[in-house]
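# sequence unknown, structure follows:
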């Protein structure tokens with residue numbers, strides 16, 4: 001019995017040690033970004049492996065310089081609006097489609113769901129040209145609607161919500177049907193509230209994918225007043241040279257919204273990742 005407890009305690013210690021090491025490895029790039037932001041450009045491009053910290057002074061003024069040079073409030077607003085509306089539309093369309101595929105009977109259901117699965121297997125870059133043509137004809141270039149457009153419907157979200165609805169007992173629907181609820185009432189008041197965890201998972205992944213999206217904002221928003229943080233950072237790279245401390249300072253400022261969102265919704269974030277069974 002003692003040997004068993006001893007082995008369990010040792011395995012727990014080993015597990016925590018591995019987790020600490022992995023957490024440290026994941027934090028190294030972020031720490032390197034902050035340290036680069038407070039260096040001079042000569043220190044930042046040095047190939048000396050021991051040139052980790054600034055040698056003379058910490059140049060915190062790099063943050064002030066980049067804040068004054070770029071309108072980060074506009075970039076914040078555009079990015080947060082894009083994330084909010086993409087989450088809103090993705091959850092709305094995915095719950096409706098997921099419920100239809102999971103609970104309703106209609107001609108061609110299996111074929112249509114197969115198309116959804118095929119769309120998940122195709123690289124998103126293939127759809128950029130038709131999506132751009134659609135946005136252009138709608139007059140949504142350089143607008144928030146244009147930024148939101150590709151994320152309005154999510155094949156991954158449809159699959160995730162279909163799985164969530166299929167996991168619910170049919171007795172609930174039958175009981176609601178006996179009480180006189182129609183299809184819309186069964187969906188809105190009985191089934192949809194029970195898929196809250198799946199919708200949180202979808203919202204988390206949608207927010208992450210939207211925040212990291214670089215190609216689409218650079219294509220659809222050529223105006224600096226309508227672009228996002230990721231595209232704004234990409235445009236900071238010069239053709240013949242790049243001020244890496246300034247770029248790293250901008251990157252640190254750019255990740256602040258996601259850090260704040262994570263701190264506020266930490267419990268929902270962890271629960272959503274665990275519920276989805278997926279990894280980032």
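Perfect, thanks for sending it. Not measured: the values here are computed from a predicted model.
# and residue 34, how many neighbours?
A count of nearby residues for residue 34, using other CB atoms under 10 Å, gives 12. For every residue, glycine as well, the C-beta is placed using N, CA and C.
# so is residue 105 in a helix, a strand, or just coil?
Following DSSP: H, G, I helix; E, B strand; the rest coil, the label given to residue 105 is coil.
# what does residue 217 give?
With three-state DSSP as the basis, residue 217 sits in helix.
# show me the residues around it that make contact.
82, 147, 227-228, 230-231 (CB atoms under 8 Å, 6 or more residues apart in numbering).
# rerun at 7 Å
147, 227-228, 230-231 (CB atoms under 7 Å, 6 or more residues apart in numbering).
# can you check residue 258 too?
Residues near residue 258 by CB under 7 Å, 6+ apart: residue 211.
# mean confidence score for stretch 95-104?
The predicted model assigns stretch 95-104 a mean pLDDT of 92.
# Pick out the most distant pair among the contacts of residue 217.
147 and 230 (11.0 Å; CB to CB).
# of those two, who's got more company?
Neighbours were tallied for residue 147 and for residue 230 using other CB under 10 Å; the higher tally belongs to residue 147 (28 against 20).
# could you measure the more buried one against residue 229, distance?
With distances taken as CB to CB, to the nearest Å, residue 147 is found 12 Å from residue 229.
# cool, and residue 108?
41 Å.
# Just checking the distance from the helix or strand harbouring residue 34 to the centre of its chain.
Using DSSP states H and E, residue 34 sits within helix 2-37. Computed by CA atoms, centre = their mean, to the nearest Å, the separation of helix 2-37 from the middle of its chain amounts to 25 Å.
# Who are the packing partners of it?
Packing partners of helix 2-37 (3 or more CB pairs under 7 Å, 6 or more residues apart in numbering; DSSP states H and E): helix 244-264.
# in the helix it packs on, what's buried?
Going by neighbour count (16 or more other CB atoms under 10 Å), the buried part of helix 244-264 is 244-254, 257-258, 261.
# In the stretch 51-200 of the chain, what residue spans correspond to helices?
With DSSP state H, counting those that start in this stretch as the criterion, the stretch 51-200 of the chain has helices at 61-69, 72-103, 109-121, 128-138, 144-148, 155-166, 170-178, 183-185, 196-212.
# okay, those helices in TSV with distance to residue 41 next?
TSV is the format used below for the helices of the stretch 51-200 of the chain (distance: least, CB to CB, whole Å):
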stretch	distance to residue 41
helix 61-69	10
helix 72-103	21
helix 109-121	43
helix 128-138	34
helix 144-148	32
helix 155-166	41
helix 170-178	63
helix 183-185	61
helix 196-212	27
